[in-house]
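1. build the 3D model from these lines:
(2 chains)
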Amino acid sequence: MKEQIARYIAGEILKDSTRVVMKDEPLVSSGLIDSFSLVDLALYVEDTFGVRIEDTELTSAVFDTVEQLAELISRRRAGVVE
Amino acid sequence: MSLVHITVFGLVAALISASRNSRRRGWGLLAGSVLAVYWLQPATPVRHFDFWLPTIALALTIFVWVATHRKTSFSVRAEILTALVIAVLVLAVGFTRYLTIGWHLTQTRPPNALSILVALIGLGLISFLLLWIRRKSQLGLWLLASIILGLFIITKSDPLATWVSSVARVWSGQLPELASSADMSWLGFSYIALRLLHTLRDQTTGRLPALSLREYVTFVIFFPALTAGPIDRAERFVRDLRVARRITAIQAVEGVTRIILGLFKKFVLADSLAMIALNATNALQVKSSLWLWVLLYAYAAQIYLDFSGYTDVAVGIGRLAGFKLPENFDRPYLKPNIVAFWNSWHITMAKWFRAYHFNPLTRFLLRRKPKLLPWMVIFLAQISTMVLIGLWHGITWNFLAWGIWHGMGLFIHNRWAAFLKAHSHLLPPSLRSSRAVKAASVLLTFHFVTVGWVWFALPEISLSMNVLGRLFGM
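-> I've put the predicted structure just below:
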């Protein structure tokens, strides 16, 4: 899952498929992903992994790295109530 | 907030958090916040408005809680007790009417006790009605959101505020011809409205945490953040509220230091700069372009020091009360682009509009068929978000122009960044990270923001255009 998300970010958001996005690399707080791309990423997650990330959750406080996003998806899939 | 308000709030916050008993702290924060809503409300020429406006803010807060609350560890009895405590506090504020002048908590003499009692009974009945509606449908949520939005628009629009004031004047036996929009100056409602709308929206998406009435009311009208934010989120605030421990010496020093820093920024620096900062009067008096720039730089410094000074005071008092309120500023004038500026200027408000307007609109536009081109989605979302942020300050042409100015700035920056991404050879990363390019970016961003203040500082488009022309020697 982490590799899949990292590939999407590199190829579709950063438009550089050769770029390696590290799993612990800050995405939101560093400004690497802008607010428009963050919504785009949320829609990708929704379509690919079948879990919804709310509009209010698109902040670095909820997830900032590929690893944290993957954990959030796993928790949602397992039905963990937060 | 005056110096007296800040001193009293600091002492009350420290006193409350010094208590060993967490329940006592909870009640102290609630009572302090309820009384502060009345104490901070400025006088208005309409009779008893300085009592009824805070009461309406409180009533709306309770109504939203009734419409959104979920089961908590608090019993129904505890919730009723909270409602009664609030009612008693409101009555107590009203009873100061019978004390001699100077002992009223409100700026003018409160209305008579009977009318307050009747209003409280009415509010209680509306709460039961909302509870009943809630069992049947989500109508209550929509109704409350519409009322809050409607009241917000009234307070921000001069003609609407004047009209409501003239109706209120007729009601209270005063001359409607003297009505003015200033009659509707409702302290803190801009912030209260955003907190209420956030909880109404989060309820519909199931993201709202379970909060007791006491916790919710304290969150919405928390006295350090009542005047000028920050606009906290319920789930973050309640974490601090529930784990609030006795204040430590370090926290006390942190809080007091932050308050002193805020007072210095607001009352020494910002108030001194206000004497030469750009305004409608001096904009016409100054003839030379150079002096106009001086006035504008002074305004840019003043607005930052004034607002961030207030935030320092709020965060400092919050610290004394055992809270770590979110920051609103992060060296905004030292940012290399306009996106970074908006991530560091009035941060909590920008986050609110991103969460409740930009993100849902972008989601909708990306999902719709036929698909729009990405740049169209970005344009629509950025311009509309900044226009709303502009109008949140007041429904005037100038705030609209200020919003469009920043929306266009964000859009142009977005396109420029996309262009650089696609043509990285034009500006290699080594050159981009050079000190000279960074310094030029900071200077350019600062001047874009500073020139934009011309729309914000002046009341009319024609005057703003005139000043902009003269700034650039035209």
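2. tell me the buried residues in whichever strand or helix holds B:S464?
-> Taking DSSP states H and E as the criterion, the element that holds B:S464 is helix B:461-471. By 16 or more other Cβ atoms under 10 Å in any protein chain shown, the buried positions in helix B:461-471 come out as B:L463, B:S464, B:N466, B:V467, B:R470, B:L471. C-beta here means a position set from N, CA and C on the backbone, and glycine is covered the same way.
3. what is the nearest of the residues you listed to B:P326?
-> The shortest gap between B:P326 and any of the buried residues of helix B:461-471 belongs to B:S464, at 32.2 Å (Cβ to Cβ).
4. ok, now which ones touch the closest one?
-> If you count contacts by Cβ atoms under 8 Å, 6 or more residues apart in numbering or on different chains, B:S464 has them with B:N398, B:A401, B:V454, B:W455, B:L458.
5. quick one: which of those residues sit in helices?
-> The helices, defined by DSSP state H, take in B:N398, B:A401, B:V454, B:W455 from these.
6. my read: the last one touches B:G394, true?
-> It refers to B:W455. No. Taking Cβ atoms under 8 Å as the contact criterion, B:W455 and B:G394 are not neighbours in contact, 11.6 Å apart.
7. give me the more crowded residue out of those two.
-> Remark: of B:W455 and B:G394, B:W455 carries more neighbours, 24 against 18, as counted by other Cβ atoms under 10 Å in any protein chain shown.
8. wait, what's in contact with the residue of chain A found nearest chain B?
-> For chain A, the nearest residue to chain B under the criterion Cβ to the nearest Cβ is A:D55, separated by 3.6 Å. Contact criterion Cβ under 8 Å, 6+ apart gives A:V39, A:A42, B:A355, B:Y356, B:N359, B:P360, B:R363 as the residues in contact with A:D55.
9. which residues of the stretch 351-474 of chain B lie near chain A?
-> Where proximity means Cβ under 8 Å from any Cβ of the partner chain, the interface of the stretch 351-474 of chain B facing chain A comprises B:351, B:354-356, B:358-360, B:362-363, B:366-367, B:374, B:377-378, B:381, B:414, B:417, B:421-422.
10. hmm, 10 Å instead?
-> Within the stretch 351-474 of chain B, the positions near chain A by Cβ under 10 Å from any Cβ of the partner chain are B:351-352, B:354-367, B:374-375, B:377-378, B:381-382, B:385, B:410, B:413-414, B:417-418, B:421-422, B:424.
11. below-threshold pLDDT in the chain: ranges please.
-> Just going to use chain A. For chain A, applying pLDDT under 70 flags the ranges A:80-82.
12. let me rephrase: I mean chain B.
-> Scanning chain B with the threshold set as pLDDT under 70 gives B:72-73, B:101, B:244-245.
13. ok and the residue in it nearest chain A?
-> Among the residues of chain B, B:N359 lies nearest to chain A; the distance is 3.6 Å by Cβ to the nearest Cβ.
14. what does chain A put close to chain B?
-> Within chain A, the positions lying close to chain B (Cβ under 10 Å from any Cβ) are A:13-16, A:28-29, A:31, A:34-40, A:42-43, A:46, A:52-61, A:81-82.
15. excluding residues flanking it in the chain, which one is nearest the residue nearest the centre of chain B?
-> Note on chain B: the residue nearest the mean C-alpha position is B:Y191, at 3.1 Å, using Cα atoms, centre = their mean. Leaving out its chain neighbours, the residue that sits closest to B:Y191 by Cβ to Cβ, 6 or more residues apart in numbering or on different chains is B:G229, at 5.2 Å.
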